[in-house]
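A.B. asks: Dropping the sequence and predicted coords here.
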Amino acid sequence: MNLCQVAWGFFVSTIGGAFVLWLLIDKVGWSYLKKQGVGGKPRAILTPVLGIVERGLYTGALLMGAPEWIAVWLALKVAVAWRRWEGEKRGSYNLFLIGSALSVMFGVIGAWIALGRLPSFAK
C-alpha cells in the first residue's frame, strides 16, 4: 500500500466525513427537526470526536479485512441507546441512522482511496 494513499484515505474518511456530517446533521437535520416541533438537538459531549474516531476505525477495519467489526460496533451503539428513541424521539433516531450510514459510507470511501480502488464513474 502506498503510504500517501493510506493517509489521504484516512483524511477523507475522518476529516472530510466530519465536515459533511456537521453540515448535514448538525446544521440541516437538527434545524429541520426543531422547525417541525419534534425537539431540539440534545446536549452532545465529544460527538464530533467520536464520529472522527468511528470513521477512522471503519476505514481501518476495511483495510484489515474485518468489515464485521463495523456491524458489531453499530449493534452496540443501537443497543446502548435503544430506550432513548422510543415515542417522540423518532426524529433523533432517524438522524442517528442517517449519520451512521454516512459514517460507514465515508469509511468505505476512505478504504477505497487507501487501497487505490476508488471506482471511476466517468466512462
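C.D. replies: Received the coordinates, thanks. Residues are numbered from 1 along each chain as shown.

A.B. asks: Return the set of buried residues in stretch 41-54.
C.D. replies: 47, 51-52, 54 (16 or more other CB atoms under 10 Å). For the C-beta atoms, the positions are set from N, CA and C on the backbone; glycine is no exception.

A.B. asks: Can you name the helix or strand that the residue most central in space within the chain falls in?
C.D. replies: The chain has Ser103 as the residue nearest its centroid, 1.8 Å off, counting by CA atoms, centre = their mean. Secondary structure from DSSP states H and E places Ser103 in helix 90-115.

A.B. asks: which parts of that helix are buried?
C.D. replies: Buried-residue list, helix 90-115, by 16+ other CB under 10 Å: 91-92, 95-96, 99-100, 102-104, 106-114.

A.B. asks: what's near enough to touch the residue lying closest to the residue nearest to the centre of the chain once chain neighbours are set aside?
C.D. replies: Here the nearest residue to Ser103 in space, its sequence neighbours aside, is Arg55; by CB to CB, 6 or more residues apart in numbering that works out to 5.2 Å. Residues in contact with Arg55 (CB atoms under 8 Å, 6 or more residues apart in numbering) are 13-14, 17-18, 103, 106-107, 110.

A.B. asks: mind listing the helices for this protein?
C.D. replies: Ranges of helices in the chain, per DSSP state H, are 3-11, 17-21, 30-35, 47-63, 68-80, 90-115.

A.B. asks: Could you tell me the least trusted of these?
C.D. replies: Here the helices of the chain differ in mean pLDDT, and the lowest is helix 30-35 at a mean of 80.

A.B. asks: Ile113 touches Gln5, doesn't it?
C.D. replies: Yes - here Ile113 reaches Gln5: they are 6.3 Å apart, a contact under CB atoms under 8 Å.

A.B. asks: Who are the contact partners of Phe96?
C.D. replies: Neighbour list for Phe96: 81, 85 [criterion: CB under 8 Å, 6+ apart].

A.B. asks: Against Gly29, how distant is it?
C.D. replies: 10 Å (CB to CB, to the nearest Å).

A.B. asks: And for Leu23?
C.D. replies: Distance of Leu23 to Gly29, given as CB to CB: 10 Å.
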